[in-house]
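[1] sequence first, then the predicted structure, then my questions.
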Amino acid sequence: MMKYWSEVAKRCTPYVPGEQLNDSTIIKLNTNENPYPPSPNVQSAIKKEMEQALHLYPSPTVDSLREAIAKQEGTTKESVFVGNGSDEVLAFAFMGLFSPYRTIRFPAITYSFYPVYANLFQIPYEKVPLMSDFTLDETAFFHSEGGAILPNPNAPTSIFTSLDLMENIVKHNPDNVVIIDEAYVDFAPETAVALTHKYEQLLIVKTFSKSRSLAGLRVGYAIGHPHLIEALTRIKDSFNSYTIDRLAIVGAKAAIEDTAYFKQTTRHILQTREWTREQLEERGFSVLPSATNFLFVHHPIYEAEKLYQQLKEKKVLIRYFRNQGITDYMRITIGTDEMMRKFLLVLDQVMEGE
Ligand code: PMP
């Protein structure tokens with residue numbers, strides 16, 4: 001039946017997301033969601049919108065949310081683009097800012113959506129190896145023919161690269177776009193957003209799915225020079241000018257405006273992360289220095305895939321990695337204190353062979 005497929009459909013090798021099981025008894029530590037609900041203001045904003053305006057199309061320019069984001073990020077509405085999750089923002093960025101005639105670069109160990117988009121839009125790419133401790137080889141990104149995309153912190157390694165190094169990469173790519181994917185930056189020391197005022201070739205991509213607890217609402221955004229934003233808007237309007245729905249607009253706006261709640265939940269996740277790190281180290285795991293809401297860990301004796309399977313049998317879900325040059329690692333999302341205590345209890349049972 002492939003004979004009916006277009007060339008685009010034939011060359012697609014879609015990304016496979018982590019397991020999303022509909023079972024509330026599972027301790028879900030596999031896709032880096034926030035364990036806490038969003039700000040209570042999100043629910044009231046959505047409820048109000050449902051009662052008043054669901055029969056009307058949303059704003060195609062999403063001005064109210066873009067203004068709220070711009071205010072928080074210290075920039076202007078014209079420098080903000082909003083999309084249906086940062087995955088969609090990234091898709092538009094690959095399509096609108098990278099070229100099928102020039103090779104882009106991204107780290108060899110990184111978010112596995114990047115090669116998917118590159119293949120889909122026929123953008124040639126080079127995977128740049130990381131150093132043996134999983135840190136970035138900064139100079140390997142200098143003078144990239146077609147630009148670069150780097151997550152900071154990187155996923156799944158959880159490692160943060162200093163802004164000095166990131167700025168160096170941007171500086172050494174004056175004629176091509178550098179995208180920094182900051183999906184996890186709110187758990188890290190600092191964002192590179194201020195650099196967008198200095199470098200017109202820099203695009204920062206962020207999400208509401210992690211620190212803002214809105215993975216289910218699907219909202220992401222980009223910040224960059226208005227010329228970059230215009231390219232993304234042209235692409236978006238060629239698909240669907242009403243990219244995000246009314247509930248997503250008001251929900252995300254309420255979330256980004258509730259700074260106190262955001263600070264409180266983020267701080268708590270960082271405390272839980274450090275406690276979980278200590279606990280895992282006591283059990284013999286080596287844990288990479290994390291600037292995210294997850295830990296990337298390795299055990300010298302226990303195989304990650306086996307641990308994953310045994311934990312799953314006991315209703316704890318994590319991810320394991322044995323690809324992209326990663327030998328044998330587990331990635332564990334930070335949940336609530338209660339979730340992490342249960343996880344460690346089950347982990348102990350599994351390690352003791354029970
Ligand atoms: N970038 C990175 C590095 C991620 O890990 C994720 C989440 N899987 C995303 C982007 C996409 O997040 P979302 O589409 O939920 O905004």
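    Received, thanks. Residues are numbered from 1 along each chain as shown.
[2] for residue 149, helix, strand, or coil?
    Under DSSP: H, G, I helix; E, B strand; the rest coil, residue 149 falls in the strand class.
[3] same question, residue 295
    Following three-state DSSP, residue 295 is assigned to strand.
[4] my guess is it contacts residue 274. True?
    No - between residue 295 and residue 274 there is no contact, the gap being 10.0 Å when judged by Cβ atoms under 8 Å. Using the backbone N, CA and C atoms, a C-beta is placed for each residue, glycine as well.
[5] higher neighbour count, these two?
    residue 295 (24 against 12; other Cβ atoms under 10 Å).
[6] that one pairs with what?
    For residue 295, the beta-bridge partners are residue 332 (DSSP bridges).
[7] which residues does it contact?
    By Cβ atoms under 8 Å, 6 or more residues apart in numbering, the residues touching residue 295 are 158, 273, 276, 277, 280, 287, 288, 331, 332, 334.
[8] now the first one, nearest residue through space, not along the chain?
    Okay, so that is residue 158. Leaving out its chain neighbours, the residue that sits closest to residue 158 by Cβ to Cβ, 6 or more residues apart in numbering is residue 290, at 3.9 Å.
[9] what's residue 19 in contact with, if anything?
    By Cβ under 8 Å, 6+ apart, the residues touching residue 19 are 30, 31, 317.
[10] return the residues of the protein in contact with the ligand.
    85, 86, 87, 111, 151, 155, 181, 183, 207, 209, 215, 220 (Cβ under 6 Å from any ligand atom).
[11] most neighbours, which of those residues?
    Highest neighbour count within these, by other Cβ under 10 Å: residue 181, with 29 neighbours.
[12] surely that one and residue 154 touch.
    No - contact between residue 181 and residue 154 fails when scored by Cβ under 8 Å: they sit 9.0 Å apart.
[13] can you give me the strands in the stretch 201-350 of the chain?
    Along the stretch 201-350 of the chain, counting by DSSP state E, counting those that start in this stretch, strands occupy 202-207, 220-224, 286-287, 294-298, 316-317, 319-321, 329-333.
[14] how far does the last one sit from its chain's centre?
    Computed by Cα atoms, centre = their mean, to the nearest Å, the chain-centroid distance of strand 329-333 equals 15 Å.
[15] try the fifth one
    What separates the centre of strand 316-317 from the centre of its chain is 21 Å, taken as Cα atoms, centre = their mean.
[16] mean confidence score for it?
    Here strand 316-317 scores 96 as its mean pLDDT.
[17] can you check the last one too?
    The average pLDDT for strand 329-333 rounds to 97.
[18] hmm, who's touching it?
    With Cβ under 8 Å, 6+ apart, strand 329-333 has contacts from 28-33, 35, 156, 158, 276, 280, 293-299, 304, 307-308, 318-322, 343.
[19] may I ask you to name the longest helix in this structure?
    When the chain is parsed with DSSP state H, its longest helix is helix 259-282.
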